[in-house]
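Enquirer: Mind folding the following:
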Amino acid sequence: MKKIIEKLRERAKKEPKRIVFPESADERIQEAAKFIEKEGIAYPCLLDSNNLEPKKQEEFAQIYYEKRKIKGITFQEARAQMDDPLYYSAMLVKCGYADGFIAGAVFTTSSVIKAAIRCLDVDGSTGFISSCFIIVVPESCYAQRRVFVFADCAVNPYPNSEQLAIIGISSAKFAKEILQFIPRVAFLSFSTKGSADNKEVIKIKEAVKIAKSKNSDFFIDGELQADSAIVPEVAKKKLADFESDVAGRANVLIFPNLDAGNICYKLTERLAGAKAIGPIILGTVQPCGDLSRGCSVEDIINSTAVAVVRAQKNS
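Expert: Here you go, the predicted structure:
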């Protein structure tokens, strides 16, 4: 079976899309864009403050003003915002001039997320923005094809039960539609099926109930400790009195808060030699990918392939 990254790139090449990069001065972006164009993964559009089109800036400012005036923004403020290549790129996507945007090599994650939230359309089926990472572990025997989805690792610091449920469902849909495997969603905790009891454990239990009530098509379970979620032998011991389609086989891991998710993905990447693709912004109609400021050229290429495959779904 072909590696997941190779498959994503090949799928992108079948119907490349126009992806905008608002950090054209960054050498990694420049190198990645050359490779992306050469290989036919996407049609890259590199932007900075010097190549924004005034006519489009005026168009975008009016649309942005109409969208944000309820928040108290003036037209002059909206127009000034369109001098920012990040917001200009997001509006290119919003208005259909491009199919997705990738940023974060220079801009902070919070800046990229704000641009996505303020400019792009929010998916009405969730009404909530979150994120996930594709984690490819080279030596793992604990999940199908050694591929996991980690969420939320970038957007929501302290999600409540309802928000956690949406994060779980959004991540499962991403795994099924984009990564093309059967998602088995584990809501993680320091407790497994009542081994501990406090307000944080109760929050996870409620999230599982809500997620199951919202979507019964996915395999969902929790609360589970990480070893109970991914190690079959541990799951058998800790869940001897429970039936579960997830325990020991989980491939979509939902973390209780941003601290846990962000720390875990970085440790997995560095200590296990895993490949982390993302953050991938979930919950917007149009695709948007964030990058770590420590990203490599390969990270940019892989995030672009994901954005193209997601955009193909909107065609």
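
Enquirer: How about the contacts made by Pro138?
Expert: Listed by CB atoms under 8 Å, 6 or more residues apart in numbering, the contact set of Pro138 reads 146, 272-275. Where you see a C-beta, it was placed from the backbone N, CA and C, and this is true even at glycine.

Enquirer: Write a ChimeraX command that selects only the buried members of those residues.
Expert: To isolate the buried ones among the contacts of Pro138 in ChimeraX, judged by 16 or more other CB atoms under 10 Å, type:
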select :146,274,275
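
Enquirer: so where do the strands sit in the stretch 51-200 of the chain?
Expert: Secondary structure of the stretch 51-200 of the chain, counting by DSSP state E, counting those that start in this stretch: strands at 100-103, 130-136, 147-151, 184-188.

Enquirer: relative orientation of the third one and strand 184-188 in degrees?
Expert: Meaning strand 147-151. Counting by axes from the mean of the first three to the mean of the last three CA atoms, to 10 degrees, strand 147-151 lies at 40 degrees to strand 184-188.

Enquirer: Kindly report the same for the second one.
Expert: On the basis of the same axes, to 10 degrees, strand 130-136 is oriented at 110 degrees to strand 184-188.

Enquirer: who does strand 130-136 pair up with?
Expert: Sheet pairing here is set by DSSP bridges, and for strand 130-136 it gives strand 147-151 (antiparallel), strand 275-282 (antiparallel).

Enquirer: and what of the first one?
Expert: Listed by DSSP bridges, the sheet partners of strand 100-103 and their directions read strand 18-21 (parallel), strand 288-290 (parallel).

Enquirer: If you average the pLDDT over the very next helix or strand once past the shortest one, what comes out?
Expert: In the C-terminal direction, the helix or strand that comes right after strand 288-290 (DSSP states H and E) is helix 297-312. When pLDDT is averaged over helix 297-312, the result is 95.

Enquirer: Same check on stretch 105-112?
Expert: 92.

Enquirer: Can you give me the first-to-last residue distance of it?
Expert: 10 Å (CA to CA, to the nearest Å).

Enquirer: Need the contact partners of that stretch.
Expert: For stretch 105-112, contacts defined as CB under 8 Å, 6+ apart pick out 22-23, 25-26, 28-29, 86, 103-104, 154, 279, 281, 288, 290-293, 295, 300.

Enquirer: Enumerate the positions of that stretch that are buried.
Expert: So for stretch 105-112, counting by 16+ other CB under 10 Å, buried means 105-107, 109, 111-112.

Enquirer: With stretch 231-249 instead?
Expert: For stretch 231-249, the neighbour count (16+ other CB under 10 Å) marks 231, 234-235, 238-239, 244, 246-249 as buried.

Enquirer: which one among the residues you listed gets closest to Gly40?
Expert: Nearest to Gly40 out of these is Arg249 (CB to CB; 36.1 Å).

Enquirer: okay, that closest one: pLDDT?
Expert: What the model reports for Arg249 is a pLDDT of 88.

Enquirer: what's the answer for Glu139, then?
Expert: 69.

Enquirer: so which of the strands paired with strand 130-136 gets nearest Ser161?
Expert: strand 147-151 (15.1 Å).

Enquirer: The stretch 101-250 of the chain: helices as residue ranges?
Expert: Here the stretch 101-250 of the chain has its helices, by DSSP state H, counting those that start in this stretch, at 109-119, 161-174, 199-214, 226-230, 232-238.

Enquirer: which other residues reach the longest one?
Expert: Residues from elsewhere that reach helix 199-214, judged by CB under 8 Å, 6+ apart: 160-162, 164-166, 168-169, 185, 187-191, 194, 218, 220-223, 254, 256.

Enquirer: what about 7 Å?
Expert: For helix 199-214, contacts defined as CB atoms under 7 Å, 6 or more residues apart in numbering pick out 160-162, 164-165, 168-169, 187, 189, 191, 220-223, 256.

Enquirer: May I ask which two of those are separated the most?
Expert: Of all pairs in these, the most separated under CB to CB is Ile169 and Ser191 at 21.9 Å.
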